[in-house]
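# kindly return the folded structure for what I paste below:
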Amino acid sequence: MLRFLLAITLGAVAGEAAAGCNQELLHVEGWSAKSMAERRVEVRMNLKSSAPKPIRIIEALVYFRDALDGDIGALPVERDAHIPAGGNYTRLMKSAPAHFDRLIELRKQDVQTHVCVFAVLYEDGTKETF
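Residues are numbered from 1 along each chain as shown. The predicted structure follows:
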(Lines give C-alpha, C1' and ligand atoms only; values in the text may rest on other atoms or scores of the structure.)
Protein backbone atom coordinates (compact mmCIF):
# COMPACT_ATOMS: atom_id res chain seq x y z
CA MET A 1 0.00 0.00 0.00
CA LEU A 2 2.84 2.38 0.87
CA ARG A 3 4.49 1.74 -2.50
CA PHE A 4 1.20 2.46 -4.25
CA LEU A 5 0.80 5.80 -2.45
CA LEU A 6 4.42 6.69 -3.17
CA ALA A 7 3.95 5.91 -6.88
CA ILE A 8 0.83 8.10 -7.05
CA THR A 9 2.61 10.97 -5.27
CA LEU A 10 5.66 10.77 -7.54
CA GLY A 11 3.43 10.66 -10.62
CA ALA A 12 1.55 13.75 -9.48
CA VAL A 13 4.77 15.67 -8.81
CA ALA A 14 6.24 14.66 -12.19
CA GLY A 15 3.04 15.74 -13.93
CA GLU A 16 3.13 19.14 -12.23
CA ALA A 17 6.77 19.66 -13.20
CA ALA A 18 6.06 18.83 -16.83
CA ALA A 19 3.04 21.16 -16.92
CA GLY A 20 5.05 24.18 -15.74
CA CYS A 21 8.02 24.00 -18.06
CA ASN A 22 9.12 24.22 -21.67
CA GLN A 23 10.34 20.87 -23.04
CA GLU A 24 11.24 22.24 -26.48
CA LEU A 25 14.10 24.71 -25.77
CA LEU A 26 16.73 22.11 -24.84
CA HIS A 27 17.12 18.46 -25.84
CA VAL A 28 19.51 15.80 -24.59
CA GLU A 29 21.66 14.69 -27.51
CA GLY A 30 23.69 12.25 -25.44
CA TRP A 31 24.86 11.37 -21.97
CA SER A 32 27.40 9.18 -20.22
CA ALA A 33 27.94 8.03 -16.66
CA LYS A 34 30.90 6.55 -14.85
CA SER A 35 31.58 5.42 -11.32
CA MET A 36 33.58 7.52 -8.88
CA ALA A 37 34.78 6.95 -5.31
CA GLU A 38 32.40 6.78 -2.37
CA ARG A 39 29.33 5.66 -4.33
CA ARG A 40 29.30 8.80 -6.45
CA VAL A 41 28.65 8.98 -10.16
CA GLU A 42 29.96 11.37 -12.80
CA VAL A 43 27.32 12.25 -15.38
CA ARG A 44 28.03 14.12 -18.62
CA MET A 45 25.05 15.52 -20.54
CA ASN A 46 25.24 16.95 -24.04
CA LEU A 47 22.38 19.35 -24.67
CA LYS A 48 21.22 20.99 -27.90
CA SER A 49 19.45 24.35 -27.85
CA SER A 50 16.52 25.17 -30.08
CA ALA A 51 16.17 28.62 -28.50
CA PRO A 52 15.82 31.52 -30.95
CA LYS A 53 18.44 33.62 -29.07
CA PRO A 54 21.56 32.96 -26.97
CA ILE A 55 20.80 32.01 -23.37
CA ARG A 56 22.59 33.82 -20.53
CA ILE A 57 20.85 32.37 -17.45
CA ILE A 58 18.61 29.32 -17.26
CA GLU A 59 16.60 27.40 -14.71
CA ALA A 60 16.19 23.84 -15.98
CA LEU A 61 16.36 20.19 -14.97
CA VAL A 62 17.33 17.13 -17.00
CA TYR A 63 15.13 14.16 -16.05
CA PHE A 64 16.20 10.52 -16.38
CA ARG A 65 13.64 7.67 -16.38
CA ASP A 66 13.94 3.97 -17.10
CA ALA A 67 12.09 2.11 -19.86
CA LEU A 68 9.23 1.24 -17.46
CA ASP A 69 8.81 4.95 -16.63
CA GLY A 70 10.54 4.58 -13.26
CA ASP A 71 12.22 7.69 -11.94
CA ILE A 72 16.02 7.64 -11.86
CA GLY A 73 16.38 11.31 -10.95
CA ALA A 74 16.94 14.82 -12.22
CA LEU A 75 20.06 16.95 -12.54
CA PRO A 76 20.17 20.73 -12.92
CA VAL A 77 21.49 22.57 -15.93
CA GLU A 78 24.13 25.03 -14.73
CA ARG A 79 22.21 28.22 -13.96
CA ASP A 80 24.79 30.58 -15.51
CA ALA A 81 25.29 28.45 -18.61
CA HIS A 82 25.90 30.51 -21.74
CA ILE A 83 24.19 28.54 -24.49
CA PRO A 84 24.33 29.82 -28.08
CA ALA A 85 21.13 29.95 -30.13
CA GLY A 86 20.89 26.58 -31.83
CA GLY A 87 24.18 25.58 -30.21
CA ASN A 88 25.41 22.79 -27.97
CA TYR A 89 26.16 22.79 -24.27
CA THR A 90 27.84 20.10 -22.16
CA ARG A 91 27.13 19.76 -18.44
CA LEU A 92 29.47 17.64 -16.30
CA MET A 93 28.17 16.63 -12.88
CA LYS A 94 31.20 15.23 -11.05
CA SER A 95 29.26 14.18 -7.99
CA ALA A 96 25.76 13.15 -8.99
CA PRO A 97 23.80 11.47 -6.17
CA ALA A 98 24.43 7.78 -5.52
CA HIS A 99 21.11 6.60 -7.01
CA PHE A 100 22.40 7.71 -10.43
CA ASP A 101 24.55 4.57 -10.38
CA ARG A 102 21.62 2.99 -12.25
CA LEU A 103 22.83 4.92 -15.31
CA ILE A 104 26.02 2.85 -15.20
CA GLU A 105 24.12 -0.43 -15.02
CA LEU A 106 21.27 0.25 -17.48
CA ARG A 107 21.53 -0.05 -21.24
CA LYS A 108 21.35 3.34 -22.93
CA GLN A 109 18.28 2.31 -24.90
CA ASP A 110 16.51 1.68 -21.56
CA VAL A 111 16.98 5.27 -20.37
CA GLN A 112 14.69 8.10 -21.42
CA THR A 113 15.63 11.75 -20.91
CA HIS A 114 13.93 15.09 -21.23
CA VAL A 115 14.73 18.65 -20.23
CA CYS A 116 12.29 20.94 -18.43
CA VAL A 117 13.13 24.63 -18.74
CA PHE A 118 11.33 26.67 -16.08
CA ALA A 119 12.78 30.11 -16.86
CA VAL A 120 15.33 31.65 -19.20
CA LEU A 121 17.12 34.99 -19.59
CA TYR A 122 18.32 35.58 -23.11
CA GLU A 123 21.46 37.53 -23.98
CA ASP A 124 19.36 40.52 -25.12
CA GLY A 125 17.72 40.79 -21.65
CA THR A 126 14.41 39.16 -22.64
CA LYS A 127 13.01 36.86 -19.93
CA GLU A 128 10.64 33.93 -20.30
CA THR A 129 9.01 31.95 -17.51
CA PHE A 130 7.12 28.74 -18.20
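
# who touches stretch 81-91?
26, 29, 44-58, 62, 75, 77-78 (C-beta atoms under 8 Å, 6 or more residues apart in numbering). In short, each C-beta sits where N, CA and C put it, glycine included.

# flag every buried residue along it.
Applying a neighbour-count criterion of 16 or more other C-beta atoms under 10 Å, one finds 81, 83, 89, 91 buried in stretch 81-91.

# that stretch: end-to-end distance?
9 Å (C-alpha to C-alpha, to the nearest Å).

# now residue 76. Nearest residue, chain neighbours left out?
residue 61 (5.7 Å; C-beta to C-beta, 6 or more residues apart in numbering).

# give me the subset of the buried residues of stretch 81-91 lying in helices.
Among those, none falls in helices (DSSP state H).

# among those, which pair sits farthest apart?
83 and 91 (10.2 Å; C-beta to C-beta).

# show me what the helix or strand residue 119 falls within is packed against.
In the assignment (DSSP states H and E), residue 119 maps to strand 111-122. Contacts defined by 3 or more C-beta pairs under 8 Å, 6 or more residues apart in numbering; DSSP states H and E place strand 111-122 against strand 26-35, strand 55-66, strand 127-129.

# what's in contact with it?
Here strand 111-122 has contacts from 17-18, 20-23, 25-28, 31, 45, 47, 51, 53-67, 69, 72, 77, 103, 127-130, using C-beta under 8 Å, 6+ apart.

# ok so, going back, what bridges to the residue nearest to residue 76?
Beta-bridge partners of residue 61, counted by DSSP bridges, are residue 76, residue 116.

# what about residue 75, how many neighbours?
19 (other C-beta atoms under 10 Å).

# ugh, wrong one, I meant residue 116
By the criterion of other C-beta under 10 Å, residue 116 has 22 neighbours.

# quick one: pLDDT of it?
Residue 116 is assigned a pLDDT of 98 by the prediction.

# what residues are up against the residue positioned nearest the centre of the chain?
When C-alpha atoms, centre = their mean is applied to the chain, the residue found nearest the centroid is residue 62 (0.4 Å). Going by C-beta under 8 Å, 6+ apart, residue 62 touches 28, 45, 47, 74, 75, 76, 77, 91, 113, 114, 115.
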